[in-house]
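In: I would like the atomic coordinates for the input below:
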Amino acid sequence: MKDIASEAKKIMAGVDIGSEYRIGRSFINLERFESIASHDLDYVEKERDDMGIDEIGWMELFLKDFEKKVKRLLTGRKPLRAVVQRNGVEKYKEKNILYTVEVINRNQMSRLIFSKMMNLFRIL
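Out: Got it, this is the predicted structure:
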């Protein structure tokens, strides 16, 4: 993972990382992940006009501070684009517009999302 504010790079997960947290075959170093992810969310909230998170998945949902910040960003004024792992959809769907990307519509998604974002920027 790369910290967008400082450009620092850290390995967050892997099969040979010592951790009690695991998703599939990979173990996750939550402290490293949170040190960058939390810092990045604060940075983009203050310094950017829009935000993107790729992705809110199993690893991210282990972190309560990260989850609180994401919820705050979802209810804020700045546009936020996020990829939400299928199991997290129920938790976030009432906050914003939600698109389900499938094989039959994935080629049209970028154009649709870009159009919606341009409309949001006109309103702001």
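In: and the residue nearest the centre of this protein?
Out: The chain has residue 53 as the residue nearest its centroid, 2.8 Å off, counting by C-alpha atoms, centre = their mean.
In: for it, list each beta-bridge partner.
Out: residue 82 (DSSP bridges).
In: check residue 22 too.
Out: Bridge pairing for residue 22 (DSSP bridges) gives the partners residue 27.
In: tell me how many other residues crowd it.
Out: Burial of residue 22 is recorded as 13 neighbouring residues (other C-beta atoms under 10 Å). C-beta coordinates here come from the backbone N, C-alpha and C atoms, glycine included.
In: go ahead and confirm it touches residue 29.
Out: No - assessed by C-beta atoms under 8 Å, residue 22 is found out of contact with residue 29, at 11.2 Å.
In: if we can go back for a sec, list the contacts of the residue nearest to the centre of the chain.
Out: Contacts for residue 53 were tallied using C-beta atoms under 8 Å, 6 or more residues apart in numbering; they are 70, 80, 81, 82, 83.
In: please apply the same query to residue 82.
Out: Here residue 82 is in contact with 52, 53, 54, 55, 56, 70, 74, 92 (C-beta under 8 Å, 6+ apart).
In: quick one: the third one from residue 15, how far?
Out: Yep, that's residue 54 we're talking about. According to C-beta to C-beta, to the nearest Å, residue 54 and residue 15 sit 22 Å apart.
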